[in-house]
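> The following block contains a protein sequence and its predicted model.
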Amino acid sequence: MPASGQATEPPRVWVLLGEGAGGNAQMIALAEALGWPYETRQLSWNRLNHLPNPIIGARACTLDRAADTLAAPWPDLVIAASRRSAPIARWIKKQSGGRTKLVHLLHTQMPLHHFDLVVTLAQFRVPDAPNVQRNTLPLNVVAPERQAEAADRWQGRLAALPRPWIAVLVGGNSSSYRLDAATAARLGRQADAAAREAGGSLLVTTSRRTPTAAAEALVAAIDVPAEIYRWRSGDADNPYGAFLALADRFIVTGDSASLPAEAAATGRPVRLFEWPAKKQVRRGSGTLARWHQRLVYWGWLKPRRDFGAFHATLRAAGLVDNATPAAVPDDMAATVARIQALFAN
């Protein structure tokens, strides 16, 4: 421990960026919240990344030539996320002589005890362990500054619409869900009925994952006054942030974690729109369930994402399908405290 009054250098942090925008945003948000100096390293992969993580081990053999160089001086802390970054994080720790702490987001698909802290959400079905922190919401939400800037641009354009304003945030196809036209039309009818009953209007936005046929069916089912935005790549005038800032309440599709999380983070009422996943998640019991958990713990099995569990967590926290939403849990503060504790001694 340093002598009293002696200044100490903050830990040096590397953030291992991957290809997923959501995971990258969470890692950057966490690094910013820690308040320690950090550097990013962009990773990219060769074909060896398809091998199971337990076979790859603590090796960097999966990096391709386009990846940023990883070299000493090694950091005190690595923040990484998801499967492909896990062997790289372990390799860095090995190069540092075991000094580097590893904080991993989402899931590892490697033995969990190799990581100092795993920060996850219910849908990833990571087994319970002392070094596992299970948050309620993802660590990234749309920044208030970005919402305020978008609100300034859009408020005047929405002023003629009757209140309350009900934002309809629409996802689409994913690895777990398929949004077909019939399902989208049902969403449109439910949103239309909610706005009609309230005497208000709808603020509708589709997303990158919304199929064209589903978007058309959704819009065709809406008769109440509405602002309809069809997602366009690279559109600087995308109203998503404005809808988060200005809507009085929300209807969101449950096919991803981001839409419900970002709506719930506003503290205003959120109704989840759910429909059956492509394949149902099986939750076993007894010996079979214990073996399933062991295989997941050791990284030999990637469980199917369980958005039903994520939605149940949101409901249990009072964040969705609740006329008077509960206070949003400060998952970021809890995560920062766990990381600071790793460096307390």
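Yep, it's here.

> Where does R178 sit: helix, strand or coil?
Here R178 is recorded as coil under DSSP: H, G, I helix; E, B strand; the rest coil.

> thought it was touching K278?
Yes - using CB atoms under 8 Å, R178 is in contact with K278, at 6.0 Å. For every residue, glycine as well, the C-beta is placed using N, CA and C.

> quick one: which of these two has more around it?
Set side by side, R178 and K278 show more neighbours around R178, with 15 against 11, by other CB atoms under 10 Å.

> residues contacting the more buried one?
K278 (CB atoms under 8 Å, 6 or more residues apart in numbering).

> Next: I92.
I92 makes contact with W14, L70, W74, P75, V78, T100, L102, according to CB under 8 Å, 6+ apart.

> Buried residues in whichever strand or helix holds L259, which are they?
L259 is part of helix 258-264, with elements assigned from DSSP states H and E. Neighbour-count burial for helix 258-264 flags S258, L259, P260, A261, E262, A263, A264 (criterion: 16 or more other CB atoms under 10 Å).

> Also stretch 172-180?
G172, S174, S176, Y177, L179.

> Tell me who's in contact with the fourth one.
Residues counted as contacts of Y177 (CB under 8 Å, 6+ apart) are G171, D255, W275, A277, K278, F307.

> That one and Q109: what is the separation?
To Q109, Y177 is 22 Å away according to CB to CB, to the nearest Å.

> likewise the first one?
The spacing between G172 and Q109, counted by CB to CB, is 26 Å.

> Which elements pack onto the very next helix or strand once past the helix holding L259?
Next in sequence after helix 258-264, counting helices and strands by DSSP H and E, comes strand 270-273. Applying 3 or more CB pairs under 8 Å, 6 or more residues apart in numbering; DSSP states H and E, one finds that strand 270-273 makes contact with helix 181-198, strand 249-253, helix 258-264.

> Partner strands of the second one, with direction?
By that I understand strand 249-253. Note on strand 249-253: by DSSP bridges, its sheet partners are strand 165-169 (parallel), strand 270-273 (parallel).

> so can I have TSV of the ones you listed showing distance to Q133?
Shown next, in TSV, are the strands paired with strand 249-253 (distance: least, CB to CB, whole Å):
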stretch	distance to Q133
strand 165-169	27
strand 270-273	24
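
> can you redo these as CSV with mean pLDDT and mean neighbour count?
Shown next, in CSV, are the strands paired with strand 249-253 (pLDDT from 0 to 100; neighbours: other CB atoms under 10 Å):
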stretch, mean pLDDT, mean neighbour count
strand 165-169, 98, 25
strand 270-273, 96, 22
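
> Which one, of those strands, ends up nearest to A323?
Closest approach to A323 among those (CB to CB): strand 270-273, 9.8 Å.

> Just give the number of residues close to K94.
Neighbours of K94 (other CB under 10 Å): 15.

> Am I right that it is in a helix?
Yes - looking at K94 with three-state DSSP, it is inside a helix.

> what's near enough to touch the nearest residue to it once chain neighbours are set aside?
Distances taken as CB to CB, 6 or more residues apart in numbering place A58 nearest to K94, at 4.8 Å, with adjacent residues excluded. Going by CB under 8 Å, 6+ apart, A58 touches P87, R90, W91, K93, K94, H114.

> now with 7 Å?
P87, R90, W91, K94 (CB atoms under 7 Å, 6 or more residues apart in numbering).

> still on that earlier bit, what residues does the helix holding L259 touch?
For helix 258-264, contacts defined as CB under 7 Å, 6+ apart pick out 22, 137-138, 141-142, 169, 171, 244, 250, 252-254, 270, 272, 314, 319-320, 328.

> Can I get the helix or strand of the chain with the lowest mean pLDDT in CSV? Just the C-alpha atoms.
Lowest by mean pLDDT, DSSP states H and E among the helices and strands of the chain is helix 286-297, with a mean of 86. Taking C-alpha atoms only, helix 286-297 is exported to CSV below (Å, rounded to 0.1, in the frame of the first residue of the first chain):
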residue,chain,number,x,y,z
GLY,A,286,-32.0,-32.3,-11.8
THR,A,287,-28.9,-34.1,-13.1
LEU,A,288,-29.4,-33.0,-16.7
ALA,A,289,-29.6,-29.3,-15.7
ARG,A,290,-26.5,-29.6,-13.5
TRP,A,291,-24.5,-31.1,-16.4
HIS,A,292,-25.8,-28.4,-18.7
GLN,A,293,-24.5,-25.7,-16.3
ARG,A,294,-21.1,-27.4,-16.0
LEU,A,295,-20.7,-27.6,-19.8
VAL,A,296,-21.6,-23.9,-20.0
TYR,A,297,-19.2,-23.0,-17.1
